[in-house]
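Engineer: build me a structure from this.
(one chain, ligands or ions: 1)
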Amino acid sequence: MTLIDGKAIAQEVRNEIRDEVAEWVAAGNEAPGLATVLVGDDPASAVYVGGKQKACAEVGMRGFDHRLAADTSEAEVRALLHQLNADPAVSGILLQLPPPPHIDGPKLTEEIAPGKDVDGLTPISTGLLHKNLPGLRPCTPLGCMELLKRHDVDLSGAEAVVVGRSDLVGKPISALLLQANATVTTAHSRTKDLAEVCRRADVLVAAVGVAHLIKGDWVKEGAVVIDVGMNRLDGKLTGDVEFEAAAERARLITPVPGGVGPMTIAMLLRNTLQAAKAAAAV
Ligand SMILES: Nc1nc2c(c(=O)[nH]1)N[C@@H](CN(C=O)c1ccc(C(=O)N[C@@H](CCC(=O)O)C(=O)O)cc1)CN2
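Structural biologist: You can find the predicted model right below:
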């Protein structure tokens, strides 16, 4: 079994982006700018947004860090998103999820201009993804695909099973795997005999958000296992897969932490650079 070191691969990607940004700026262009919008004081979200802003600075991008009080109204967040849409210094915008309960995160995300949608979550980006047209793709699914690519996993004709159907991960990763010519099954909470469905996977992606739901003996011998889960169990961060038991059967497997998670921010930087370049081309 080989461990997929997401932390190291994310660092490689970040180094590549830093060089590309330097080249872009040396050619006379403005540095790309990323605006993050965080509503409320969820501690995990604050850590993720802090990580995004820090990563931005490290690769030479400009950061616009908007932190709004937990009782900010939807109308106020919408107004800020519109202001950022109109700001030429801002190449990419994201609304950190989940927002407080009185705010409809997915609905407000729709207010982000498609060209600045670096989370790839607006209906326009979703349409472009499913049509396989150029556009911005969601960061975590992109990160999973990058891990598979950097480990030379041949997806053509492979049986891929994705457990989870969220807009953030499950649905877009299923679409990306299909575009890479895998035979894709999207499983979910109503799937009958989930164990048997998982056992046929050459590539198993767990993105369901339930700690250790995927048992070791659900993993086919020699499979590649990508664990997107990020669950707190007894104060410890853990994935959706029973790691030790799964690792005995898998050929390649991501750990939690240190697997898919760090790739999310690396891919966000890549999307921001892509958005800046696309904006300059029009
Ligand atoms: N607007 C968005 N909101 C959320 C997204 C997103 O892509 N866009 N994804 C997640 C949170 N997230 C980024 O926002 C994120 C999650 C995890 C990591 C990460 O590096 N995890 C580390 C462990 C960190 C820890 O100890 O807590 C790892 O897995 O090794 C980065 C970003 C939901 N919201």
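Engineer: C-alpha only now, for contacts and for neighbours.
Structural biologist: Noted.
Engineer: contact partners for I253?
Structural biologist: 1-4, 224-227, 247 (C-alpha atoms under 8 Å, 6 or more residues apart in numbering).
Engineer: which non-adjacent residue is nearest it?
Structural biologist: V225 (4.6 Å; C-alpha to C-alpha, 6 or more residues apart in numbering).
Engineer: repeat for E196
Structural biologist: W218 is the one closest to E196 (C-alpha to C-alpha, 6+ apart), at 7.1 Å.
Engineer: residues near that neighbour, how many?
Structural biologist: Other residues near W218 come to 21 when the count uses other C-alpha atoms under 10 Å.
Engineer: likewise for the one 5 residues further on?
Structural biologist: By the other C-alpha under 10 Å criterion, the neighbourhood of A223 contains 23 residues.
Engineer: state the pLDDT value of the residue nearest to I214 when sequence neighbours are not counted.
Structural biologist: Residue nearest to I214 in three dimensions, not counting chain neighbours: V241, with 4.6 Å by C-alpha to C-alpha, 6+ apart. At V241, the pLDDT value in this model is 98.
Engineer: go on, the one 5 residues further on?
Structural biologist: Reported pLDDT at A246 in the predicted model: 98.
Engineer: quickly find the element holding it.
Structural biologist: Per DSSP states H and E, A246 falls inside helix 243-247.
Engineer: skip ahead from that helix and say which helix or strand is next.
Structural biologist: Next element after helix 243-247 (DSSP H and E): strand 252-253.
Engineer: after the helix or strand K149 falls within, which helix or strand is next?
Structural biologist: When elements are assigned from DSSP H and E, K149 belongs to helix 139-150. The helix or strand immediately downstream of helix 139-150 is strand 159-163, counting by DSSP H and E.
Engineer: what mean pLDDT does that next one get?
Structural biologist: Rounded mean pLDDT across strand 159-163 is 98.
Engineer: what are the contacting residues of that strand?
Structural biologist: 170, 173-174, 177, 182-188, 197-198, 200-208.
Engineer: ok, stretch 114-128 next?
Structural biologist: Against stretch 114-128 from outside (C-alpha under 8 Å, 6+ apart): 85, 90-94, 106, 109-110, 112, 134-139, 167-168, 172, 268, 271-272, 275, 278-279.
Engineer: repeat for stretch 65-75
Structural biologist: 35-41, 53, 100, 102-104, 108.
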